[in-house]
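Enquirer: Need the 3D shape of this:
(one chain, ligands or ions: 1)
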Amino acid sequence: MQKRKPKLGQNFLVDDTARHAIADALGDISKRTVIEIGPGHGAITDILAGRSRSLIALELDRALAAELTFRFRNQPNVKIVETDILKTDLQSLIPAGETADVVGNLPYYITSDILLHLFAAGREGALARAIVMMQREVAERVAATPGVRDYGLLSATAQMNARVETLFTLPPSAFSPPPEVYSTVLRLDFAPRFAELGVDTAGFDTFLKQCFAQKRKTLQNNLRNAGYSLQTLATAWPEGTPPLARAESLTLEQMAAIYRALTQPGV
Ligand SMILES: C[S@@+](CC[C@H](N)C(=O)[O-])C[C@H]1O[C@@H](n2cnc3c(N)ncnc32)[C@H](O)[C@@H]1O
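Expert: I've put the predicted structure just below:
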């Protein structure tokens, strides 16, 4: 086994039950294209190769990509691509008119960037489902509901793009070498809510960033810092929303109502 490259987040899964549970969480993939992020030594790849119609595994580490290319050389449904997931256009990997599912024990140093990359592909209609493992604390933020301590920009962004379900948590001993943190597996079913909530994608993304800019400030103060006047905010503020509310206490429906009132006054 090659030496671990800590910079690439290489903690390999060695728990047999867990790697099967991750593959099982995808459901029936016999007719699906599956994209694996960071296959490493193939702990999950081995299982998916025998189950999926087509498996495309994206690995940045040249030696690992070569190892897997050799191992799967006689399986025409498996394609190993040496590439950076963040620089890969996922839609271009998927047959026209179809969607793919994603699986990955993610390199933790770029978890948020990978999630944003997946949400962008989900909005394009390229992805149906993702089973992704990440540091437990990050998973808790992705899955948190409004009003709880962990709810913030990552939760709101994730839940504008997907239904989030927490599946299970693994201790450091499930990996080699063991990381310093616990890890949690999430299921994301891509279901963008922008049209349903009457907001435009790019504008509402920016608005959410403005709303959550400073956690200790009220939502109105964050929006004043973003350039909205007190008077504009007072006129647009929906009835029933406390003026001193913080962004993390509001539902996505309430956030969207404020955004619509600010950007489409009189509608
Ligand atoms: C946590 S390991 C998981 C390996 C394997 N899937 C497993 O479960 O044992 C993360 C993997 O992602 C790869 N990786 C890191 N950065 C990447 C990137 N930007 N694009 C694609 N793969 C990357 C690493 O080389 C490593 O193989």
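
Enquirer: so who does the residue nearest the centre of the chain touch?
Expert: Compute the mean C-alpha point of the chain, and by C-alpha atoms, centre = their mean the closest residue is residue 115, 2.9 Å away. Residues near residue 115 by C-beta atoms under 8 Å, 6 or more residues apart in numbering: 132, 142, 154, 157, 158. For every residue, glycine as well, the C-beta is placed using N, CA and C.

Enquirer: show me the contacts for the first one.
Expert: Which is residue 132. Residues near residue 132 by C-beta under 8 Å, 6+ apart: 37, 102, 103, 104, 106, 114, 115, 118, 185, 186, 188.

Enquirer: now, which of those residues lie within strands?
Expert: 37, 102, 103, 104, 185, 186, 188 (DSSP state E).

Enquirer: Residue 25 is in contact with the fifth one, correct?
Expert: Yes: under the criterion of C-beta atoms under 8 Å, residue 185 lies in contact with residue 25, with a separation of 6.9 Å.

Enquirer: who touches both of those two?
Expert: Overlap of the contact sets of residue 185 and residue 25 (by C-beta under 8 Å, 6+ apart) consists of 131, 167.

Enquirer: domain ranges for this structure?
Expert: 9-190, 201-263 (automatic domain parsing).

Enquirer: Could you see whether the ligand lies near stretch 134-147?
Expert: No: Stretch 134-147 lies apart from the ligand when judged by C-beta under 6 Å from any ligand atom; the minimum separation is 9.5 Å.

Enquirer: and that stretch, how far from the chain's centre?
Expert: With C-alpha atoms, centre = their mean, to the nearest Å as the basis, stretch 134-147 stands 11 Å off its chain's centre.

Enquirer: Pull out the buried positions in it.
Expert: Within stretch 134-147, the residues scored as buried using 16 or more other C-beta atoms under 10 Å are 134, 135, 136, 138, 139, 140, 141, 142, 143, 144, 146.
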